[in-house]
Structures are given as structure tokens and as C-alpha cells.
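# I'll drop the sequence and a predicted model, then ask my questions.
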Amino acid sequence: MKFRAAVAGSDGIRLTMESALTARDRVGVQDFVLLENFTSEAAFIENLRKRFKENLIYTYIGSVLVSVNPYKDLEIYSRQHMERYRGVSFYEVSPHLYAIADNSYRSLRIERKDQCILISGESGAGKTEATKKILQYYAVTCPASDQVETVKDRLLQSNPVLEAFGNAKTLRNDNSSRFGKYMDVQFDYKGAPVGGHILNYLLEKSRVVHQNHGERNFHIFYQLLEGGEDDLLRRLGLEKNPQQYHYLVKGQCARVSSINDKNDWKVVRRALSVINFNDNEIEDLLSIVASVLHLGNVQFAANEQGNAQVTTENQIKYLARLLGVEGSVLREALIHKMIIAKGEELVSPLNLEQAAYARDALAKAVYGRTFSWLVNKINKSLAYKGAECPGWRSATVLGLLDIYGFEVFQHNSFEQFCINYCNEKLQQLFIELTLKSEQEEYESEGIADEECLRPGDATDMTFLEKLEETVKNHPHFLTHKLADQKTRKSLGREEFRLLHYAGEVTYIVTGFLDKNNDLLFRNLKETMCSSENPIINNCFERTELTDKKRPETVATQFKNSLSKLMEILMSKEPSYIRCIKPNDAKQAGRFDEVLIRHQVKYLGLMENLRVRRAGFAYRRKYEIFLQRYKSLCSETWPTWEGRPHDGVSVLVKHLGYKQEEYKMGRTKIFIRFPKTLFATEDALEIRKQSLATKIQATWRGFYWRQKFLHMKHSAITIQSWWRGTQGRRKAAKKKWAVETIRRFIKGFIYRNYPRCSENEYFLDYIRYSFLMNLKRNLPKNVLDKSWPTPPPSLCEVSQLLRQLCMQNMVWSYCKRISPEWKQQLDQKVVASEMFKGKKDNYPQSVPRLFINTRLGTEEINPKVLQVLGNETIKYAVPVVKYDRKGYKARVRQLLLTQNAIFIVEEAKIKQRIDYANLTGISVSSLSDSLFVLHVRCEDNKQKGDVVLQSDHVIETLTKTAMSADKIDNVNVSQGSIKFTTGQGKEGIIDFTSGSELLIAKAKNGHLAVVAPRLNSR
């Protein structure tokens, strides 16, 4: 070769350059096939570790995706990421779950062939999360309609429901799937998901009645207790405390910090509604969940004969109501079993151990069958009912297999035996399909030979159903009896050991028979068949009671189901996702090399890599290869006009590929060694730099020249247009000006003529000018009397406009007046009518507002207020009263009510003057503050007129006159005022001007008042 790759580090691992990725995406190699030392398990694990430390959890082995659980949220599942992988070639972007999902979907659309994605790995490796992410990808990226959106929602919402009823916390995983699930998603011809179907395998029913220490029962029990509404729990006879239930305390782990049962309950309830459960079905389903908890609390005691008796009648009552059966029948069925011998039914009592077994068997049967019913119910809601595709198989489907991984515990029982058998079958399928796909690709490309068909020693194992006698000579089977003296110490007498592809597993046979038979006594079946709970009635069919055939064992059912699953998977184009758990502590960032090496081994990843690398490490279609590397050869750059096959031949000859380094197929080039590809990539990187520089320089020159020419053309165009526009505007303006002046002059000449065509423009202009001038110079308020002088033709109009303007200002002013201010103005108007031009100190009162009252209620004696009773005080003011005889000044209070005037001395009402008896009010024209209230003397209670002095005389007299309705009876006198002192006698007050106010009794017996003059009249 002309180009050789430099070694990047001691391990010789080169960075792959499949596409223009960020430096962070190029840690290690993205495809294990490109590992130089592909046979080294250490190099394989080191590549995994490098990428894991950089949060690059996905790596390819060809088309197989290896996924390492990060145990933390990564920002790589957003809608933007989905769009990045949508419709993009598999190797154009970095490895991702979405790339597998999109590749399968495009194959389904283009080739119209069913696809399946097989997700495997041990518990806690992230299989369930991977399934959910794939479903979310299809929900977002596939075509949508109202019906499709409904199916998408139901597909997504089936997950939380199945997880609630089929997942549990184990020692290795807080959300471990305790059942296998295969989901088919049906797509119509448009590529939209229109239906789905779920197959479930081997639910771990034994978990219902027993959990190992540190583990929990199925999630739904804790969700119901923690999140269920009080009314619901009351109906189900449940308490919120899980410690109250026998089936929930065995693992001693009711609460888990990573699980929020209350929130999960809300999600499950919402999901049940989305997948078409009505309220009655939800109530029936939860009744069954509650009945399982009550079953666990049923206790027994032995009678004198040693037979079991139920000691918890309260639980039987709850069970009878929740399961819809007779309590007495259920009680008897729990402590007796029915045997049919020679056609006769015999009832035999159970001892304590048998009764406990019967109770637990019923709990497992009820829960297990209800789970199957739940899956069928979900399938009904997912079934496509469209007219275009009447049958399930009429459209393409994409399957998702999320099934339990290989399990090795401290104590391995029947469940682990079945699970590991399933994984053996899947591993065989994986190896077979992988090898088959490699062979088919080589054969289709016409490059098959002995070397590329040599994958290495493949292990092809089958599960052995017979023990000791049947398989005692098999090298992968060992028991205590068959083992040598040294091995016998590690094997119990009830244990056998199998060598699986993933390693040795020791099984304890205790309980195998019961778990395999899954026996439920006949009388318990009869009781359940009579249930009024629709779900239970559907789960326990009466045909079971009449069927003489022995029911299939669990192992047989599982084996048959697995065979059908294998047929389904063999009929589809497979894609693989191999999930790896980085540590047992579920800690983010922790990479346990021993644990990962074990998983790499039992997942068969090294074997898969050897199969892939046994022939050629890299293969690409000619068009893609030529498009990527054509710049390395002058003959193929920048374009190749001939066939892609010929272009690639010219290119690899120019690059100096040796004959043993590559093969030319019918549509693809196959490169045997990664170092060949790396050298080509290095050459491309160098070529990119020179090309980039040349392209940049050429582009800049072209860009700026084009920009200059464009700007020059634009400037000339703008200049030409602007000159023309300016000339046209100037000519039009001159023409308009001439015509305007001509019309104006002609109008001025004919201005005194009646309106005609010669003067109409001038007259309109004059009117317009006047109206615009008027608009700018309108009066600002009602006191503003200014108004522009109108032209002769608009005098009448001007007068009308002036009146309208004044009316509008008055109306606007009045509209803004508040009730309080209106009252103030009314009083001021009355004061003006009575005193303007008459009373010397009136002008001083004009700017001062009248007060509602000069005395508060706290300043008036309470006894006075008590005497007044319901009389409301409208106005109160302090005054000075002058005696009628000696004119001695006395301090008093003047109170105005609705009906009378009151003269008050402290706590005593000195005089009441009804408004009807008030004949008038006299006041001088000077600036003094004296006034006289004239009272009718016919009333003996009245002592005569009252002489008073007030500091607020204008305000006091205005309010008194208005309250008494005596506005016209106010007399402003000049010189003197006469008043009646009682018994027909008269008094006189003489008023004279002086320098200061003086009030005194004169020698002539009159009251003399001297007041300064404030205003000249």
C-alpha cells in the first residue's frame, strides 16, 4: 500500500472515521469489527471501558449493537437526537439504539419484510429501558393521524401497566422484568403504527407468595397501598402499611429509595384509561390484586384430628366479596381437597402444610391468570380494526423481544432452569442467524471461499430433559452421584450442575415438581369458576373441570411457547441489541471488569466478533465507498462518469491495495483488515486538509467576486431608478404647483361672486384654513372667550360652532363634577346670590371651601345627642350669643338638623327654633360676623330673636338658609338691625365702619358694632 496508518497507542487501536463525528464520539472504535486485535478479549473490554468512561454506551459489532447500562440519565434521547438518526444510513452517525430502530424500520418499509429486534442481557442490563426507548422513537418519528396517535399512546402506555404487574425489585435490578415479553408492532403501507400484539412468557408466579431477602413482590401491590385513594382502599379492605400483609414482608424491603410508588400509581391509573379500561374493569382488576393480599393473610390452625381450620374469618369475608364467591364455599375449599376415584368425588381434609400450599397455589393461580387476561385485554385495545388491513398478517410487523437474561443466583430453582433454557435457545438462534447472514452476504456478492466461511468452533447445545440415567455420560451434566470426590464437596445431594454457554449453573431440585405441575386443587377451581368477578370468571373456565386430559406442565407450556417464538423470530429479519450491566451495585460510572468479562462471554460477543471477522472486517456499497474516498485519486476526483464498480477499481489501484487485502463483490467492496481501512482514513484526513484549503480559497475568491459584481449591478440599477424617480417627482411637483397657483389666483378674483367652478377652490381653501386655525385655537375652558375671526362666508357657521363648543365644554365640565363638588358649588351659588356685592367680607369667603360641619360628634355633649334622638345633625358650628338685655357674650353651639335650629350650652339645649318659626335672617353689610335669627313670637316657648356671632358667618348663614329654605328671607342691612327681645319689645344693633372690630353696649342702650371695611363698594 502507498498509505500506512501510524499506530495510535500500545494496543494499536485506531480511531474509526465512518463519518464527520465529534472527537468525543471517536473514543476507541465505534465498531468492534475494526479492532486490530479482534481475538483479544482484553482489547474488547478495554474498548468498552474507554467508551463507557466518556458516556458512550453504544458500540457495534457489525450490525449488532452492544449497550452498557449507564445507571444515569444521558441527554441522548431527545427529539433532536431522534431526528438526527431518522432516515440516515446506518454507519453515517455514531452507534445508537435509534440507529438500530431506524434501520429496521426502513428495511420494513423498503423491502416490505417483517423485522424483529432481539434485546438480550442479564437482569439490570437495561433491556426494558431499551424497549421503551425504541417504542418512543417510533411514536415520534413515524407518520401520524388521529387513529395512529391513539395506537401510539396505547403502545407506550402498555409498558407502565405491564411493568406494574410483571416487574419487581430484585437484588440485581430495582425494576426487573419477571416475565418474558415479545411485542409485534403492526405498520400500514404508509409506515404508520396501526396496531400491536404482545406475547408473554413464564411469569414468575412464585414471587407472589415468596421473595428472597432484599427483594419485593410485584410493583402493583405497593403502588396500590401507597397511592390508592382512601375510599378505594376502604372498599378493598386494605391499609396503607405493607407490613400488614404476609406476602409483602418476606423480602423485608417494602420501600425502595429509587422507586416512587405513589407517582407510579398515578401513571398506571392513567395508562389503564388510555388502553381502554373502563371504571368497572379497573375496579374488578384491583379487587383481584387486593384479594391476593388478603389470601396471604389467611391463617390456619390444627384441630384435634390435626386437620387445618381457618382462623381468620375476617379475611374470608373480604375474599368472598372481592372474588365474588360464597365465603363458606371458599373456606371449605381452602381446607379440603376433592379427589375423584372410580367416578366418585371424595373430599379429604388438609393438614396445616397442605392448607398453606393450597392457599399459596390459589394466590399464584389467580395472579398468574389475571396477568394473562391483562395481556389479552391490552392486545384487544392494540388490535388494528381498519378496513384496509382486515387480518393481522396483512401488514408488515416489527417485533421487539424483551426477555429475561441469563440468571445465576446463589440458589437456582425451576424458574432459573427455564430462563436459562430460553437463553440457550436464543443464543443458538443468534449464532445461527449471524453466521447465516454472513454466508448469505458473501454468496450474494460472489466472493465465498473456504477462508471466509471458517468462523471457528461453534457450540451447538440443547437442553437435557432427562436426568442422571439419561444424560449421565454427557460432559456438561453433573450431579453429586456422578461427580468425583473433589467436586462432590461443592454439590448437594439435591443439586445438579449444567455447563451452559455462559458458564456453570448449579440447580436445586427442591420444588421443581410442584412448580412444574403448578397444581391447583379441583374444589378451588370450582370455587373460582363460580366467581361473579368478570375477570376471575373469564380466567377460570368450566371446561377445565370436565377436561379429562392431564394439564400441560409449566415446562411443557414454556417449551411449546418458546418453539413458537423461535418460529416467529426465524420468519423475520433480525436485529440485535446486547445489553451489559457494568456493575452489581447499580452505580453510575463504575466499570466492573470481572462482571463485564463474564457477560461478554455468556452473550457470545467474542464469538460473534470472530464470525464477523472470519471473512472481511469492512464492507460498503461501491457508490458509498466511491463517494467517500474519491478525492484520494485524481482520476475519480471530483466526479466519476463511469460505473461505480470501475471507479472503485481505479481508486483501490491508486491507493495500492494488495490483492489479499480486499475483494470486489457484485455491489460491494470487502476490506479484510482494519489497518487497510485506517490507512485509507488517514490519507483521507490529510487530503481533507488540502482540499479544504483549496476549496476555501476558491470559494472566497468566487464569493467576493460574485458579491462585488452583484453590488455593482445593484448600485447601477438603484442609481438609474432613483434618477428617473427624482426627475418624475420634480416635474409632477412643478405641474401641480402651477395648477394650484392658477386656481388660487382665479378664485381670489371671483371671491365675491356666488360659488362657481372658478372660485370653489379658493373658497374651500379659505374655509379649510379657517377650520384648521379654529382646530388649533379652540378655547381651553368655559372662561376662555377667545375665538378666531371667521371669513364672511362662515360667520353664521362660526357662531353655531362657538355655541356647540361652549355647550360641549360645559357638558364635559359638568360630567366631571362629583356629587360632593356639586353640593359645594350649589352652596357657593346660593352664597353668591345672597351676599355678592352686599356683604363686605363675602369676597374673602369665595376661595374657601364650605365645610360639612365645624364640630364633630365628639365635640357635642352626649346628653345633647341623646335629647336629639333620631334628629340628624346636618351642620354644627361654635357661635357667640349676645343676651337680649345686657348684650353679654356667651359661648354656644349652633346645630342644624332636618327640622330645626338648636342653640346649645354644653349639655343643655337653650333654645329650639323650628324652621317654620324662622321668619328671616338679618346681617349687616360690613365685615363683622354678627347675624340675627328672627323668630315668630306667637309661640310662647320662643324668647324672641337671637343675636349670634360666627367666625364663618357666610358659610353658617348659607347652610342655615338652605336647610330652612329661607334663601329669599336673608336681609343684608346697612346702618342698623332691629330685633325683637320678647314680650313685644325691640332691640337695635348699630353698625359703623372703623379701623378694628369692636362689639359693645352703647349708652343709648343699643348694641354698637364697629367693623373695618375690607372692600369699597
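Nice, I can see it.
# how close does the spatially most central residue of the chain get to A683?
Note on the chain: the residue nearest the mean C-alpha position is V267, at 13.3 Å, using CA atoms, centre = their mean. Separation of V267 from A683 (CB to CB, to the nearest Å): 54 Å. All C-beta atoms are positioned from the backbone trio N, CA, C, and that covers glycine.
# repeat for R84
28 Å.
# cool, L655 as well?
As judged by CB to CB, L655 and A683 stand 7 Å apart.
# what does G237 give?
77 Å.
# Next: K733.
72 Å.
# Same question for R109.
36 Å.
# Look at the two and report which has more neighbours.
Taking neighbours as other CB atoms under 10 Å, R109 and A683 compare with A683 leading, 19 against 16.
# what residues are up against N173?
By CB atoms under 8 Å, 6 or more residues apart in numbering, the contact set of N173 is S123, G124, K586.
# next one: A168
S176, R178, E204, R207, Q211, E215, R216, N217, F218, H219.
# The same query, at a cut-off of 10 Å, please.
174-178, 204, 207-208, 211, 215-222, 251 (CB atoms under 10 Å, 6 or more residues apart in numbering).
# Y137 versus E432, what's the distance?
With CB to CB as the criterion, E432 and Y137 are 28 Å apart.
# the more surrounded of these two?
Y137 (22 against 13).
# got the contact list for K53?
Contacts of K53 (CB under 10 Å, 6+ apart): V27, G28, G589, F591.
# Tell me where the stretch 351-500 of the chain has helices.
For the stretch 351-500 of the chain, the helices defined by DSSP state H, counting those that start in this stretch cover 352-382, 414-445, 485-488.
# Output these in TSV, with distance to A889 appended to each entry.
Below are the helices of the stretch 351-500 of the chain laid out as TSV (distance: least, CB to CB, whole Å):
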stretch	distance to A889
helix 352-382	104
helix 414-445	118
helix 485-488	135
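# Make JSON lines out of these and add distance to S561 and mean pLDDT.
Formatted as JSON lines, the helices of the stretch 351-500 of the chain follow (distance: least, CB to CB, whole Å; pLDDT from 0 to 100):
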{"stretch": "helix 352-382", "distance to S561": "12", "mean pLDDT": "92"}
{"stretch": "helix 414-445", "distance to S561": "9", "mean pLDDT": "72"}
{"stretch": "helix 485-488", "distance to S561": "35", "mean pLDDT": "79"}
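# Can you check which of those helices gets nearest to G920?
For the helices of the stretch 351-500 of the chain, proximity to G920 was assessed by CB to CB; helix 352-382 is nearest, at 99.7 Å.
# Flag every buried residue along that closest one.
Buried residues in helix 352-382, counted by 16 or more other CB atoms under 10 Å: 352, 354-371, 373-375, 377-379, 381-382.
# Likewise for stretch 715-726?
Buried, per 16+ other CB under 10 Å, within stretch 715-726: nothing.
# Please save the CA atoms from it in PDB.
Provided in PDB are the C-alpha atoms of stretch 715-726 (Å, rounded to 0.1, in the frame of the first residue of the first chain):
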ATOM      1  CA  ALA A 715     -25.700  50.200  -7.500                       C
ATOM      2  CA  ILE A 716     -26.200  51.000 -11.200                       C
ATOM      3  CA  THR A 717     -29.800  49.800 -11.100                       C
ATOM      4  CA  ILE A 718     -30.600  51.800  -8.000                       C
ATOM      5  CA  GLN A 719     -28.900  54.900  -9.400                       C
ATOM      6  CA  SER A 720     -30.800  54.700 -12.600                       C
ATOM      7  CA  TRP A 721     -34.100  54.100 -10.900                       C
ATOM      8  CA  TRP A 722     -33.500  56.900  -8.400                       C
ATOM      9  CA  ARG A 723     -32.600  59.500 -11.100                       C
ATOM     10  CA  GLY A 724     -35.700  58.700 -13.100                       C
ATOM     11  CA  THR A 725     -37.900  58.800 -10.000                       C
ATOM     12  CA  GLN A 726     -36.400  62.100  -8.800                       C
END
